[in-house]
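Visitor: my questions concern the predicted model and sequence given below.
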Amino acid sequence: MKLSTLIVAGFAAAVSVSAALADDISGAGATFPYPVYSKWADAYKKASGVGLNYQSIGSGAGIKQIQAKTVTFGATDIPQKAEDLAKYGLVQWPQVMGGIVPVVNLEGVGAGELVLDGATLANIYLGKVKRWNDEAIAALNPKAKLPALPIIVIRRSDGSGTTFNFTTYLSAVSPAFKSVVGVGQAVEWPVGIGAKGNDGVAANVMQTKGSIGYVEYAFAKQNDLTHTDMINAAGKRVKPQLASFAAAAASADWNSAPNFNLVIVNQPGAASWPMTNATFILMYAQPDDVAASNAALKFFDWAFANGNQMAESLDYIPMPAAVVAKIKSTAWKSIATK
């Protein structure tokens, strides 16, 4: 599925909620998992006859929609704190995991030919590293032919879970970034051009020579965007791929995370991709529409049972079986089904 298809599909999903059939499931939120949710939805429709109307509008907007009870579930890459869940009577669980990757538009540079470390990436987004032939980039890439082009920074303009995890990582590896920008779904960037959604960032990078952005890996892979490698917490060069995302995900300690509130960026391990994160579902413990809530749970149960291969084909990481069992025995047990 190319970017233009994703954009059209995302728009169609966004506008179809109001015209949804009674049996269809409504959700809204994170753009990060949109490719895999779309693939699951197509397969589930064929298997069950039930459709999914998902608005891929960003984590911040998805949180607002579930809080306003305009959808049956919200989707966010920002795990919610216990007090916020309690305030709205919400239940939270992780549905799938994936990786955030830097993508660039540099003539003559192919995917994985450049490598960045966290400090340099942070300095790019702080506006301190301004040209592609800067000595910090050159030191990491001594054999690369780096142009003297200015770096055009592309970042999210909307409330974004991808931004939350990206800024969490950059704050972990750069005290200067933590001090100046900090962590958030929407932050005050010192530099850059804003774009809405992972698809918006991807489109801007595709159209802008000398640019850099950050997107979920499926958006990079399916649209032939040039991604960089990264130096991880162990000081090793790693490529964004299923194996490196899985290595980072394997370190996630879900058993020690109340309400599954866990951020998994900058995990240890020589093979770990440093910007790996989970994406979460939010639903009401006492739903106003029990039938709609039950239908959503059936979809997510089907996805856990049947969607792993589809997720992996897009380089997402399925939740481990033990975590799925915990989700069903804790989060799902607290949702009224009658």
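Guide: In hand now; what should we look at?

Visitor: just give me the neighbour total for Glu135.
Guide: Neighbour count for Glu135, taken as other CB atoms under 10 Å: 9. The C-beta positions use only the backbone N, C-alpha and C, and glycine is treated the same way.

Visitor: with Gln92 instead?
Guide: Gln92 is flanked by 21 other residues according to other CB under 10 Å.

Visitor: OK, contacts around Asn141?
Guide: Neighbour list for Asn141: Leu114, Val115 [criterion: CB atoms under 8 Å, 6 or more residues apart in numbering].

Visitor: repeat the analysis, applying 6 Å as the threshold.
Guide: Leu114 (CB atoms under 6 Å, 6 or more residues apart in numbering).

Visitor: tell me the pLDDT at it?
Guide: Predicted confidence (pLDDT) for Asn141: 97.

Visitor: that one and Val109, how far apart?
Guide: 9 Å (CB to CB, to the nearest Å).

Visitor: same deal with Asp224?
Guide: 13 Å.

Visitor: more neighbours: the two, which one.
Guide: Per other CB under 10 Å, whichever of Asp224 and Val109 has more neighbours is Val109, with 18 against 10.

Visitor: regarding the more buried one, what is its secondary structure?
Guide: Assigned by DSSP: H, G, I helix; E, B strand; the rest coil, the conformation of Val109 is coil.

Visitor: once you drop chain neighbours, what's closest to it?
Guide: Once flanking residues are discounted, Val109 sits nearest to Thr226: 6.0 Å by CB to CB, 6 or more residues apart in numbering.

Visitor: ok, how many other residues are close to the one you found?
Guide: 21.

Visitor: quick check: it touching Ala111?
Guide: Yes: between Thr226 and Ala111 there is a contact at 5.0 Å, judged by CB atoms under 6 Å.

Visitor: could you chop this structure up by domain?
Guide: Domains of the chain are assigned by automatic domain parsing as 3-97+278-334, 100-252.

Visitor: of these, which shows the lowest average pLDDT?
Guide: For the domains of the chain, where the average pLDDT is lowest is domain 3-97+278-334, sitting at a mean of 89.
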